[in-house]
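# show me how the following folds:
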Amino acid sequence: MRQIAGFGLLAGSSAHDRVWLRTLILIRWLAICGQLAAITLVSEGFGFDLPLGLCFLAVGASVIVNLVVTVVFPGNRRLSETGALLSLLFDTAQLGFLVYVTGGLTNPFALLFIAPVTISASVLSVGPTLILGAVSIAAVSLLAQFNHPITMQSGAALEIPQLFNFGFWAAIVVGILFLGIYARRIARESRALSDALLATQMALAREQKLTDLGGVVAAAAHELGTPLATIKLVSAELMDELSDQPELLADARLIREQADRCRDILRGMGRAGNDDLQLRQTPLSALLREAAEPHLNRGKELIFEQAPGNDAAAGKGREPLVRRRPEIIHGLRNLIQNAVDFAQSRVWIRYSWNEREILLSIVDDGPGYPPNIINRIGDPFVRERRSDQDLTHRPEYEGMGLGLFIAKTLLERTGASLTFTNAHDPFQPGTDRNGRSGALVELRWKSADLLAPSTQPGAANAPIPI
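Numbering: from 1, shown residues only. Model (predicted):
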C-alpha cells in the first residue's frame, strides 16, 4: 500500500479524493454557530459560570481556520485523504478543548465526537478512519478523568456520580464504534454498486458499438456506391480515349479494377449491415452459440440441449426467433464464462420454450457455489478467499463477482428472471444429475419479452432470408 506524508495507514489514491473543501468549511461554520449559541444560552440563560475567554478562544480558532482556508484555497478544491484527515483532526481537537473547559463528559455536547468519525467512515478509507477513531476515543477517555468543572452562579460545581460518568463515556465510545462501522459499510456498498453499474454501462456500450458496426458499414456501402460508379464510368471513357497510349491506358485500367474491388469489398461488408435480419433477430440456439463462441476452445466441452417437452418436440412450431440484443449476448457470455472457469470438463446449456415463456439453464460439473455466498450471488464485488484448491484449478484467478453482477443486471433489463443455485441435491447423496453437480443458473423470460417482433408465440417461424 502506497504511503503518503509518512502515514503508513494512509492510502494515496485519487479514488479517495471525494471530499469537497467547501463541504467541510460549511460544516465547520454550522458548528461555530451552534457552539456560540450553546455557550450564550448556558451562560446567560441558565446562569452557569463558564470560562468565556477560553470558550471564545476555541471558537475563534475555528473561525480563523475557516477564514484562512477560504481565502487561500478555492472552494471547489478536493481534499486528499491526508488533507481531510488533518481537517477532521483539527475539528476533534477544537471540540475536545471546548468540552474540557465546559465540564468534560457532563457536557451533553460531548456526543459530537461521533460526527468527525462518521464523516471519515463515509468518505475516507480505513486508515484515516482508524486514526480519527482512536484519537476520538482517547480524547473522550481523557475528558472522563480530566476536565474543568462547570460551576453555578452560587459557586457550586456541577458534578455527576462516577457511574453516570462511566455510562456517558461508554455510550460515546460505543456510538463512535457502531456509527463508524455502520457508515463505513453503507458507504462501501454504495461505492461498490456505483462502480459496478459504471462497469455494466461500459460493457453494454462496447457491445452496442459492435452491433451498430454493421449498420455503419451498410450505410457506408450505400453512400459510396454512387462515387464508385462514377469512377468506374469515367475510367471506362478514359480507356476508350487512351487506346493509343499504352502507359496511360494501363493506369486507367488500374483505376477501373480498383473501383471494382472497392465495390466488391463494400458489398461483402454490407451483407452484415442493417438490411441483415441477423443483426436484429436470430434463432434461439444460434444466439446461445454466439454467446458461447469465445469459450468453445478453452478445453471444456460445451453441450447444447433442447429440453424434452417443449413446443418444438411437440410439433407445434419451429425454433423461435428471438431478439438479438447486446444485453442478452453479453450477459449470457459472462454466465457461460463463469461456468467454463469452474467446470471440471463439461458445461451444459439447456433451453426450451412454449407459448408463455422461454427457459434456459447453464450448469457445470464443477464444485458449485460456496454455501456461505450463494445467497449473495449477483451482488457486486462478492468474492471468496482464495484457497490452495482455487490456485490449482484456476491459477491467477481474481474473481470479484463483478462479471455475475453485470450479467444479472443486463439480463434483468431484458425481462429475464435469474436463479442461482447448485445442481447437486445435498439431500440425495450420490446423485449428481449425470455429472451436473456444479453451479446452476436458471433463466426465465416471458415469450413477449424475448421473441422477435415478427414472431408470434406458438406460431411457425419463417426462415431468415440471407
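# could you tell me the model confidence score at M269?
At M269, the model reports a pLDDT of 61.
# and for G415?
Reported pLDDT for G415: 87.
# is it in contact with S447, as I believe?
No. The pair G415 / S447 is not scored as a contact, 10.0 Å apart, by CB atoms under 8 Å. Using the backbone N, CA and C atoms, a C-beta is placed for each residue, glycine as well.
# so which of these two has more stuff around it?
S447 (18 against 14; other CB atoms under 10 Å).
# do you know the pLDDT at the more buried one?
Reading off the model, S447 has pLDDT 88.
# cool, F90 as well?
The model's pLDDT for F90 equals 93.
# also S194?
69.
# got it, and R188?
For R188, the model assigns a pLDDT of 79.
# name the element it belongs to?
Element membership of R188, judged by DSSP states H and E, is helix 162-241.
# which SS class is the closest residue to D91 other than its chain neighbours?
Sequence neighbours aside, P116 is the residue nearest to D91 in space, at 5.4 Å (criterion: CB to CB, 6 or more residues apart in numbering). Secondary structure, DSSP: H, G, I helix; E, B strand; the rest coil: P116 is helix.
# pull out the buried residues from stretch 169-188.
169, 172-173, 175-176, 179-180, 183-184, 187 (16 or more other CB atoms under 10 Å).
# could you dump the residues you listed into a markdown table and include distance to R261?
A markdown table is the format used below for the buried residues of stretch 169-188 (distance: CB to CB, whole Å):
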| residue | distance to R261 |
| --- | --- |
| W169 | 86 |
| I172 | 81 |
| V173 | 80 |
| G175 | 77 |
| I176 | 75 |
| L179 | 72 |
| G180 | 70 |
| A183 | 66 |
| R184 | 64 |
| A187 | 60 |
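# tell me which of these has the lowest pLDDT.
Out of these, that is A187, at 81.
# quick one: residues contacting it.
Applying CB atoms under 8 Å, 6 or more residues apart in numbering to A187 gives the contacts 121-123.
# can you point out the buried residues in the next helix or strand after the helix holding R188?
Of the helices and strands lying after helix 162-241 in sequence (DSSP H and E), the nearest is helix 246-270. For helix 246-270, a neighbour-count test (16+ other CB under 10 Å) marks 249, 252, 255-256, 259, 262-263, 266, 269-270 as buried.
# quick one, helices of the stretch 351-466 of the chain?
Secondary structure of the stretch 351-466 of the chain (DSSP state H, counting those that start in this stretch): helices at 388-393, 402-413, 447-450.
# mind telling me which of those the model trusts least?
Here the lowest mean pLDDT among the helices of the stretch 351-466 of the chain goes to helix 388-393, at a mean of 44.
# roughly how far does K232 sit from D260?
Distance from K232 to D260, counting by CB to CB, to the nearest Å: 7 Å.
# what stretches of this protein score poorly on pLDDT?
The chain contains residues with pLDDT under 70 at 1-18, 75-76, 153-155, 193-201, 203-223, 267-279, 308-317, 378-402, 425-435, 454-466.
# can you list the domains in it?
14-159, 214-275, 279-450 (automatic domain parsing).
# what would those domains look like in TSV with distance to N165?
As requested, these are exported to TSV (distance: least, CB to CB, whole Å):
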stretch	distance to N165
domain 14-159	6
domain 214-275	75
domain 279-450	43
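# which one of these lies nearest to R191?
domain 14-159 (8.7 Å; CB to CB).
# pretty sure E301 is touching I349, no?
No. Taking CB under 8 Å as the definition, E301 is not a contact partner of I349, at 11.1 Å.
# more neighbours: which of those two?
For E301 versus I349, neighbours defined as other CB under 10 Å are more numerous around I349 (21 against 12).
# wasn't that one part of a strand?
Yes. Assigned with three-state DSSP, I349 falls within a strand.
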